[in-house]
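Student: have a look at this fold, sequence not included:
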């Protein structure tokens, strides 16, 4: 396992602005040391110059050293150049050869122009660099102020916080994400402060200006480094607690079997925690401590994966045998389904096969394959059931149509027969025709109770008209002796009809008094009872009248 500390901890973060101040002092000491080097070089120059006895040689040597000071590989040493130039100028008065003096003077003027040009370039470059440093420090100050005041939202790219996608850190995910975003910004500020300080050390400018820049960087460091240290301590403490909780939960009292059941999850979790330790800005001590604990946990998992692989190998053999048996069973079910077997029984067999797959030892791939085959059979079964349901509904529709046609036919017959009888169009076969309609109504199982009651009531009313018609014919005989006989016959018929009507009234009353009737049925039975009472009253009146007529004749 990798135990390298990938967290960012620098001496700058620990020492804060003291480091910036020390760098300022170092910059000053570097300037002093550069001046000392220049003085030493000039001293060497004067010593070498004293070795020449002729004035022309001294001037030529001075001009050569001036040129070397300007064309130094490490950059022009203007201080040394101006010092040699100042020392060389009085020597020209001592050159007696006019031609040599003019030649030396031209070279002296050219070198002076070149030195002034280089100084001008350096001044321009220095001014530009100073402006850039000023701009960089001002932008950094604005960013730090915005960060500390919270005026800018702290956002980081989503891929930078993907390492937090681990179960152990899930409870404090928001906490880690927020602190991680803050530390990313603070680390960026720290790096910018350090880079600006290094650049400032290498830039030539007036010491007072450089000191002001160092002071501004020191102020920024006082704001950034303590805040960063505080957040590092918070995130380090939280991360250490979460890792300790993870170790206690899974490894403190876990036996071998428990670890084997979750070895792959634990391996992944340990790797995620190691990655989180690298990405989170935890302290070096916490980083090392958590890595050590996770390494010990990793050691406990060694060898378990090999055992699991061996068990999985044995399981694959068993799974192959079990999956073959299940497939044979599914094949038989598919054959019965294709042959049009009982769909309900097939559904029970498929449900049993589903339970069997759950109970058998099967590897994941075999489970997925068998479930796919099982799902295909369920789809075929569903199609068969839908087709059967559609056929059943179509048959129901046909039966309803036939029933409606039969109801309409019987209703029309009874309606037509009843209308003829009520209108007086009654013939000798009316009784037999009425009996045939009565038997058809009794055998009509397709009628509902309300329809049957309505038609039966219609026939009963018609029967009364038929009876009344034939009674009138009997009573209309001119012969008194025959008329008396007919009257007694009609009286007997009426008494028999009264008995039947009385029985029907009692039966209708019982139906009306029964429980469980809906409103429409109750209203229908109530109307029947009222109709029976009316008919019974009329019949009683007719019987009474007929008895009086018979008494008069006798």
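Tutor: Nice, thanks for sending it over. The shown structure was predicted, so the numbers you read here are calculated from the model rather than taken from an experiment.
Student: low-scoring stretches of the stretch 101-250 of the chain, by residue?
Tutor: Scanning the stretch 101-250 of the chain with the threshold set as pLDDT under 70 gives 121-127, 151-163, 204.
Student: what of the stretch 401-550 of the chain?
Tutor: Looking at the stretch 401-550 of the chain by pLDDT under 70, you get 449-450, 468, 470-484, 508, 511-522, 524-525.
Student: tell me where it has helices.
Tutor: Counting by DSSP state H, counting those that start in this stretch, the segments of the stretch 401-550 of the chain that form helices are 430-443, 449-475, 480-513, 519-553.
Student: so for residue 418, which of the ones you listed sits nearest?
Tutor: helix 449-475 (4.4 Å; CB to CB). Using the backbone N, CA and C atoms, a C-beta is placed for each residue, glycine as well.
Student: quick one: closest of the helices of the stretch 401-550 of the chain to residue 164.
Tutor: Judging the helices of the stretch 401-550 of the chain by CB to CB, what sits closest to residue 164 is helix 519-553, at 68.3 Å.
Student: any low-confidence regions in the stretch 251-400 of the chain?
Tutor: In the stretch 251-400 of the chain (pLDDT under 70), the answer is 254-255, 257, 260, 303.
Student: and with 90 instead?
Tutor: Applying pLDDT under 90 to the stretch 251-400 of the chain flags the ranges 251-283, 293-331, 333-347, 349-374, 376-378, 380-389, 391-392, 394-400.
Student: right, and the helices of the stretch 401-550 of the chain - which one's nearest residue 325?
Tutor: Of all those, it is helix 449-475 that lies closest to residue 325, at 55.7 Å by CB to CB.
Student: thinking again about what came up before, quick one: which of the helices of the stretch 401-550 of the chain is nearest residue 407?
Tutor: Comparing the helices of the stretch 401-550 of the chain under CB to CB, the one sitting nearest is helix 449-475, at 6.5 Å.
Student: sorry, back to before: ok, which of the helices of the stretch 401-550 of the chain comes nearest residue 340?
Tutor: Among the helices of the stretch 401-550 of the chain, helix 430-443 comes nearest to residue 340, with 35.3 Å by CB to CB.
Student: how near is residue 279 to residue 176?
Tutor: Here the criterion is CB to CB, to the nearest Å. By it, residue 279 lies 10 Å from residue 176.
Student: do the same with residue 186
Tutor: Taking CB to CB, one finds residue 186 at 15 Å from residue 176.
Student: quick one on the thing from earlier: could the helices of the stretch 401-550 of the chain go into TSV alongside distance to residue 64 and mean neighbour count?
Tutor: Formatted as TSV, those follow (distance: least, CB to CB, whole Å; neighbours: other CB atoms under 10 Å):
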stretch	distance to residue 64	mean neighbour count
helix 430-443	144	15
helix 449-475	136	16
helix 480-513	143	15
helix 519-553	132	14
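Student: which one of these lies nearest to residue 60?
Tutor: The closest of those to residue 60 is helix 519-553. By CB to CB, the value is 137.7 Å.
Student: summarise which helices and strands that closest one is packed against.
Tutor: Applying 3 or more CB pairs under 8 Å, 6 or more residues apart in numbering; DSSP states H and E, one finds that helix 519-553 contacts helix 449-475, helix 480-513.
Student: closest one to residue 365 among those helices?
Tutor: When the helices and strands packed on helix 519-553 are ranked by proximity to residue 365 (CB to CB), helix 449-475 comes first, at 61.8 Å.
Student: show me the contacts for the closest residue to residue 411 other than its chain neighbours.
Tutor: Leaving aside its chain neighbours, residue 411 sits nearest to residue 455 (6.5 Å; criterion: CB to CB, 6 or more residues apart in numbering). The neighbourhood of residue 455, defined by CB atoms under 8 Å, 6 or more residues apart in numbering, consists of 410-411, 414, 441, 447.
Student: mind checking which of those residues are buried?
Tutor: 410-411, 414, 441, 447 (16 or more other CB atoms under 10 Å).
Student: and those residues, which two are furthest apart?
Tutor: Across the buried ones among the contacts of residue 455, the longest distance by CB to CB is 11.2 Å; it joins 414 and 447.
Student: what's the overlap in contacts for those two?
Tutor: Jointly contacting residue 414 and residue 447 under the rule CB under 8 Å, 6+ apart are 441, 455.
Student: what about the strands in the stretch 101-250 of the chain?
Tutor: For the stretch 101-250 of the chain, strands defined by DSSP state E, counting those that start in this stretch do not occur.
Student: tell me, how many residues neighbour residue 64?
Tutor: 12 (other CB atoms under 10 Å).
Student: and the gap between it and residue 111?
Tutor: Distance, residue 64 to residue 111, by CB to CB: 10 Å.
Student: quick revisit: out of the helices of the stretch 401-550 of the chain, nearest to residue 46?
Tutor: The closest of the helices of the stretch 401-550 of the chain to residue 46 is helix 519-553. By CB to CB, the value is 134.5 Å.
Student: ok and the closest one relative to helix 480-513, angle-wise?
Tutor: 160 degrees (axes from the mean of the first three to the mean of the last three CA atoms, to 10 degrees).
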